[in-house]
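Visitor: kindly generate the corresponding structure for this input.
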Amino acid sequence: MSSSIAIEVVDLEKTYGTVTAIQDLSFTVLPGEIFGLLGPNGAGKSTTLRILITILPPTRGQARVWGYDVVKEADAVRQVIGYVPQERAIDRFLTGREHLLLLADLYHLPKREALNRINELLKLVDLEAHADRLAKTYSGGMKRKLDIACGLLPNPRIVFLDEPTLGLDVQSRLRIWDYIRELRRRGLTIVMTTNYLEEADQLCDRLAIIDGGRIRVMGSPKELKTALGGDTLCLRADPSQTEPLDRLHAALKTLPFIRDSRRQGYELLIRVDAPDKALPAILEAAHRVNCHIESIDYHRPRLDDVFLAYTGHRFQEPTQ
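Guide: Numbers count the residues shown, from 1 in each chain. From the prediction side, this is the model:
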């Protein structure tokens, strides 16, 4: 493994009986970058993460973290990683500081080093003023900050974040994004799972879109959107317009300036090269086949368009 690679995954697979959770996963993570695994619930993101942090053995394939094999050299891997799970077992009757002190004892950190490290982390995640409050008084965002501090306590080279902002309000989510960016500025390598499109777009240097246990496409958010090409028109029809919408969908295949079109329920998602030229032709075709269009939305390529193009279905984000 090259010294310029932080994580290397080759043909990784995990099966549970007849169920395949992930299959043929191959990717690399570079030192100092934020690498994202983007996909809906059940896509295989957390399974991949658990293999990389050595708590789940793969069925097939190989993964190395800083050159250490996650199966054969699991102890060495654990020495260089930090992990922030989706839900940490926080004791509501301990203070934030007491959580970190307890964890420092479990890591066998020397007392002076532990105290210095804890003070530094409390400052980093903006919990200094709340460190001696009971965890049961913390908001969801504050608990997530404590989770991150716990994951950073062993001073890791790589931090794994499993859905770092799941369930948080918008303001708390933005604050967590700031802390993640600060970790990268400090030189840490970060691997995160997410099922929020905006989070992947805003935070990740590179990402792999996972669906059905397979990587569908990989690259930087900008590269993925640029490579898709064309702008997107979303046409919404009345639910009574099923047959006319089918006729319009078929008619679009003969029109110029149209790269691709997909039917999603009562919507047509159309990628076009020149929206100013394509739109009049689309509306004329709709009139010709007697298809009533209720609304039209236009936007430049987004990650949800990338996801649709490579998986064949739309991305469903979790509801708050």
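Visitor: can you read off the pLDDT for the closest residue in space to Ala131 that isn't next to it in sequence?
Guide: Closest residue to Ala131 in three dimensions, ignoring its sequence neighbours and counting by C-beta to C-beta, 6 or more residues apart in numbering: Arg97, at 4.3 Å. C-beta coordinates here come from the backbone N, C-alpha and C atoms, glycine included. Per-residue confidence for Arg97 comes out at a pLDDT of 96.
Visitor: likewise for Arg216?
Guide: Predicted confidence (pLDDT) for Arg216: 97.
Visitor: which SSE is the closest residue to it other than its chain neighbours in?
Guide: Leaving out its chain neighbours, the residue that sits closest to Arg216 by C-beta to C-beta, 6+ apart is Tyr310, at 4.1 Å. Using DSSP states H and E, Tyr310 falls within helix 303-311.
Visitor: kindly report the same for Ala76.
Guide: Residue-wise, Ala76 maps onto helix 74-78 under DSSP H and E.
Visitor: what's the helix or strand just after that helix in contact with?
Guide: Counting by DSSP H and E, the next helix or strand C-terminal to helix 74-78 is strand 81-84. The contact list for strand 81-84 (C-beta atoms under 8 Å, 6 or more residues apart in numbering) reads 53, 65, 147-148, 150-154, 156-162, 164.
Visitor: pull out the buried positions in stretch 92-99.
Guide: The neighbour-count check on stretch 92-99 (16 or more other C-beta atoms under 10 Å) flags Thr95, Gly96, Arg97, His99 as buried.
Visitor: can I get those in CSV including secondary structure?
Guide: CSV is the format used below for the buried residues of stretch 92-99 (DSSP: H, G, I helix; E, B strand; the rest coil):
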residue, secondary structure
Thr95, strand
Gly96, helix
Arg97, helix
His99, helix
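Visitor: of the residues you listed, which is the nearest to Ile176?
Guide: Gly96 (15.8 Å; C-beta to C-beta).
Visitor: isn't that closest one up against Asn119?
Guide: No. In this structure, Gly96 is not within contact of Asn119 by C-beta atoms under 8 Å, at 11.9 Å.
Visitor: for the helix holding Ala76, packing partners?
Guide: Judged by 3 or more C-beta pairs under 8 Å, 6 or more residues apart in numbering; DSSP states H and E, helix 74-78 is in contact with strand 68-69.
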